[in-house]
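In: here is a sequence together with a model predicted from it:
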Amino acid sequence: MKKQERIEYINRVWSRFRFAKNHGNVGNWWYPKENRIAYDVKMRSYGDVETLTSNLSDLQKDYYEGTEYLQQDIYSEQEYTCEMLIDNLVDNYDLVTSAGFAGRSGGWIEVDFEVGFEEVDNTFYDSEISESYKMAKELEEEEQLVEKEIARQHKAYNYYVDSDNYYTDLREGLMTDEDIKQSYKDQAESLLSKIA
C-alpha cells in the first residue's frame with residue numbers, strides 16, 4: 001500500500017472515531033463524545049409477567065400476588081444480563097476502555113475505544129505513518145469484532161427471552177413452595193410469640 005493510501009486510511013478511521021455517532025455526555029445525539037460508538041440493542045422480545053405467573057405453582061401465585069415483585073424480577077434479570085455484556089466487552093477487548101447503556105429506554109450500548117493515534121499527513125515520518133497505520137488496522141478490526149459480539153449476544157438474548165427456558169429460569173430464582181410454607185410458618189410463630 002502506498003504512503004498516500006495509508007494516510008487516507010488512517011485519517012478515515014481516525015475521523016470515524018473522532019466524530020462518532022452516540023448519545024454523548026448529556027444523553028442526546030447533539031453532543032457526541034469522541035471515540036464512543038453506539039450500537040442498537042433495542043429489545044424485540046420482552047419478559048411478560050402474565051407468562052411468568054402462568055408458570056408458577058398455586059402457592060407461588062398466592063405468595064407473589066400482584067405484579068410488582070415479578071416485574072422487578074424480570075427487570076433485574078435484564079439488568080444483570082446487560083452488566084454481563086459490559087463486563088465481557090471490557091474484559092475481552094484490549095481497546096475497549098468502557099461501555100454503558102444509553103437512550104431513553106436503554107436501547108443503545110455505547111462502547112468507548114482507546115484510539116492511540118492522531119490524524120496524519122505527508123509531513124509525518126514514514127515510521128510514524130507505519131505505526132499509526134498498524135494502530136488504525138487494529139482498532140478497526142477490534143471494533144468489527146465488538147460489533148459482531150454485541151449483535152450475536154443481542155440476537156441470542158432476544159431468542160432466550162422468547163423461550164420457555166427464560167420463564168423456567170426466572171421461576172427457579174423465586175421461592176419454592178417449601179420455602180414459602182416455611183416463611184408462612186415462621187411468620188405465624190413470630191405472631192404467636194408476640195401474643196403470648
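Out: Sure, I can see it.
In: next up, the contacts around the most centrally placed residue in the chain.
Out: By CA atoms, centre = their mean, the mean C-alpha position of the chain lies nearest to residue 82, the distance being 3.5 Å. For residue 82, the contact set (CB atoms under 8 Å, 6 or more residues apart in numbering) comprises 101, 106, 109. From N, CA and C alone the C-beta is placed, and that goes for glycine too.
In: surely residue 160 is in contact with residue 168?
Out: No. Counting by CB atoms under 8 Å, residue 160 sits too far from residue 168 to count as a contact (11.1 Å).
In: most neighbours among the contacts of residue 82, which one is it?
Out: Tallying neighbours with other CB atoms under 10 Å puts residue 109 at the head of the contacts of residue 82, with 23 neighbours.
In: re earlier: next SSE downstream of the helix or strand where the residue nearest to the centre of the chain lies?
Out: Assigned by DSSP states H and E, residue 82 falls within helix 68-92. Downstream of helix 68-92, the first helix or strand assigned by DSSP H and E is strand 96-102.
In: now the element after that next one, going C-ward?
Out: Assigned by DSSP H and E, the successor of strand 96-102 is strand 108-113.
In: list the buried residues of the following helix or strand past that next one.
Out: Moving toward the C-terminus from strand 108-113, the next helix or strand (DSSP H and E) is helix 126-161. For helix 126-161, a neighbour-count test (16 or more other CB atoms under 10 Å) marks 129, 131-133, 135-136, 139, 142-143, 146, 149-150, 153-154, 157-158, 161 as buried.
In: average pLDDT across the next helix or strand after helix 126-161?
Out: Sequence order places helix 164-172 as the next helix or strand after helix 126-161, per DSSP H and E. For helix 164-172, mean pLDDT is 94.
In: then helix 164-172 to CSV, C-alphas only?
Out: Extracted C-alpha coordinates of helix 164-172, given in CSV (Å, rounded to 0.1, in the frame of the first residue of the first chain):
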residue,chain,number,x,y,z
ASP,A,164,-39.8,-21.4,27.8
ASN,A,165,-36.4,-21.7,29.4
TYR,A,166,-36.5,-18.0,30.2
TYR,A,167,-39.6,-18.4,32.4
THR,A,168,-38.3,-21.7,33.9
ASP,A,169,-35.1,-19.9,34.9
LEU,A,170,-37.0,-17.0,36.4
ARG,A,171,-39.3,-19.3,38.3
GLU,A,172,-36.3,-21.2,39.7
